[in-house]
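> Kindly return the folded structure for what I paste below:
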Amino acid sequence: MDYYVKNNDIILSEKDFNLDETLDCGQAFRWKKIQSDYNCTYEGSFFNDNLRISEISKGQFIFHNVSEDEFLGKWADYFDFYTDYSQLKAEFSEDETLSKACEFAGGIRLLKQNSWECLISFIISQNNNIPRIKGIIDRLCDNYGAFPTAEQMRGVTADDLAFLRSGFRGKYLSDAVECINTGKINLSDIAVAPIEQAREELKKIKGVGPKVAECVLLFGMHRTEAFPVDVWIKRVLAEYYPNGFPEFAKDNAGIAQQYLFHYIRNITE
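Below is the predicted model of the structure:
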């Protein structure tokens, strides 16, 4: 990570980063691409901290109106800039398929999201598409004036959430709120629990199955050994890894999954 301060902005040079590949790949739902004079600009939020970020040129970015303290203390961690993705991709490239995936979408980075926001977002994501997921989350934030905490949603019922137009997911959201507020589920404890225990704890929430649990562990708790499996990853595993995922990559299987997901989805569409 190489950066400098210019006026009220941070100018970052980072070759292992692409805005579209990172912010529009389905790991977070509060980022929107907007028109600007730059190559590419996104506006979005990490829980309730807002950011506008632009690509100036390939590998060079501007964090608008961000102090150095904010950048180092918040955004550098959120975008996982303290991790050497060049080294990770070099390790992954021992495998032929992973090598192709890393080359195809080498600018993906794993966002280190707020675990509560991530949980709610991926409950909403079930059997859903990205535009609709974003719409539901927008309505949730508009109603509360920001992304609500579990405390702010205390006592909410599925009927209370009808304004979201989230269908069957409303009762799952209500249960998640109750689980957090009653202490049945402690996300901080789950984040550091042994991985199998963490999975089982998350699945105590109604509507949280294996895939949602893995997504919360990976995207909301930075458990890089978590490995969400959807129809695209099932296809990857069946076609390229019938004898199992490479052992050498398992500690960072979730990051490898991001490259594979983007690769297989795009080469087959």
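
> just the strands in the stretch 51-200 of the chain please.
Ranges of strands in the stretch 51-200 of the chain, per DSSP state E, counting those that start in this stretch, are 60-63.

> Spell out the residue ranges of the helices in it.
With DSSP state H, counting those that start in this stretch as the criterion, the stretch 51-200 of the chain has helices at 68-70, 76-78, 85-92, 96-104, 115-124, 130-144, 169-182, 187-192, 195-202.

> residues in contact with the longest one?
With C-beta atoms under 8 Å, 6 or more residues apart in numbering as the test, helix 130-144 has contacts from 26, 29-30, 32, 120-121, 124-125, 128, 147-148, 152-153, 163-166, 169. All C-beta spots, glycine's among them, are computed from the backbone N, C-alpha and C.

> Now a ChimeraX select for only the buried ones of these.
Provided next is the ChimeraX selection string for whichever of those are buried by 16 or more other C-beta atoms under 10 Å:
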select :26,29,30,120,121,124,125,128,147,148,153,164,166,169
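
> shaky segments in the protein?
268-269 (pLDDT under 70).

> domain assignment for it?
Domain assignment for the chain by automatic domain parsing gives 2-82, 115-221.

> Any idea which of these gets closest to Gln257?
Of all those, it is domain 115-221 that lies closest to Gln257, at 7.8 Å by C-beta to C-beta.

> Distance across that closest one, terminal residue to terminal residue?
6 Å (C-alpha to C-alpha, to the nearest Å).

> swap in stretch 86-99?
Stretch 86-99: ends 12 Å apart by C-alpha to C-alpha.

> Which positions within it qualify as buried?
For stretch 86-99, burial by neighbour count (16+ other C-beta under 10 Å) applies to 88-89, 91-92, 95, 97-98.

> same question, stretch 122-134
122-126, 128, 133-134.

> Ok, stretch 27-40 next?
Those would be 27-31, 38, 40, for stretch 27-40 by 16+ other C-beta under 10 Å.

> how long is that stretch end to end?
19 Å.

> thinking again about what came up before, most tightly surrounded among the helices of the stretch 51-200 of the chain?
Compared across the helices of the stretch 51-200 of the chain, helix 115-124 shows the largest average neighbour count, a mean of 24 (mean count of other C-beta atoms under 10 Å).

> Counting by contacts, list what that helix packs against.
helix 130-144, helix 169-182, helix 187-192, helix 210-215 (3 or more C-beta pairs under 8 Å, 6 or more residues apart in numbering; DSSP states H and E).

> what's the angle from it to helix 130-144?
If you take axes from the mean of the first three to the mean of the last three C-alpha atoms, to 10 degrees, helix 115-124 sits at 130 degrees to helix 130-144.

> what does helix 115-124 contact?
Contacts of helix 115-124 (C-beta under 8 Å, 6+ apart): 28-29, 47, 133, 136-137, 140, 147, 149-150, 166, 169, 172-173, 176, 180, 187-188, 190-191, 202, 205, 207-208, 212, 215-216, 219-221.

> Thr22 reaches Gly106, doesn't it?
No - Thr22 is not in contact with Gly106 according to C-beta atoms under 8 Å; the separation is 10.9 Å.

> neighbour-wise, which of these two wins?
Set side by side, Thr22 and Gly106 show more neighbours around Thr22, with 23 against 17, by other C-beta atoms under 10 Å.
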